[in-house]
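> sequence first, predicted model second:
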Amino acid sequence: MKLLPEEAINAATLNGACAMELEQDLGTIAVGKMANLFISKPMMSLALLPYRFGSNLVETVVLSGKPVAK
């Protein structure tokens, strides 16, 4: 789709929530929104994300505000 890494993340988070009409509860990290997110392993730059495709970058998964075991 020729998106920059920042554009792809935005498309998969806020824009995806908006498309499903869930932007009031999901899509961004904000007070009052449901905390479903993942924390990645350290990277030197977000620009390197496309080059790590296929490798497991997930360090921690948080669903409904609680860490989930790997």
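Received it, and whenever you're ready, just let me know what you need.

> what are the ranges of the helices in this protein?
Secondary structure of the chain by DSSP state H: the helices cover 5-12, 14-19.

> so how far is the shortest one from its chain's centroid?
On the basis of C-alpha atoms, centre = their mean, to the nearest Å, helix 14-19 is displaced by 12 Å from the centre of the chain it belongs to.

> going forward, count from 30.
With 30 as the first residue, the last one maps to helix 43-48.

> okay, it in CSV with CA atoms only?
These are the backbone C-alpha positions of helix 43-48, laid out as CSV (Å, rounded to 0.1, in the frame of the first residue of the first chain):
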residue,chain,number,x,y,z
LEU,A,43,-7.3,4.8,15.2
ASN,A,44,-8.5,4.5,11.6
GLY,A,45,-9.5,0.8,12.2
ALA,A,46,-11.5,1.8,15.3
CYS,A,47,-13.1,4.6,13.4
ALA,A,48,-14.1,2.3,10.5
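
> so what's residue 81 closest to, chain neighbours aside?
Nearest-residue entry for residue 81: residue 72, 7.3 Å, with adjacent residues in sequence omitted and distances by C-beta to C-beta, 6 or more residues apart in numbering. All C-beta spots, glycine's among them, are computed from the backbone N, C-alpha and C.

> I'd like the average pLDDT over the longest strand belonging to the chain.
Identified as the longest strand of the chain according to DSSP state E is strand 87-92. Averaged over strand 87-92, pLDDT sits at 92.

> likewise stretch 63-71?
89.

> what of stretch 47-55?
95.

> give me the distance from that stretch to the chain's centre.
A distance of 14 Å separates the centroid of the chain from that of stretch 47-55, by C-alpha atoms, centre = their mean.

> got the contact list for it?
43, 46, 56, 62, 63, 65 (C-beta atoms under 8 Å, 6 or more residues apart in numbering).
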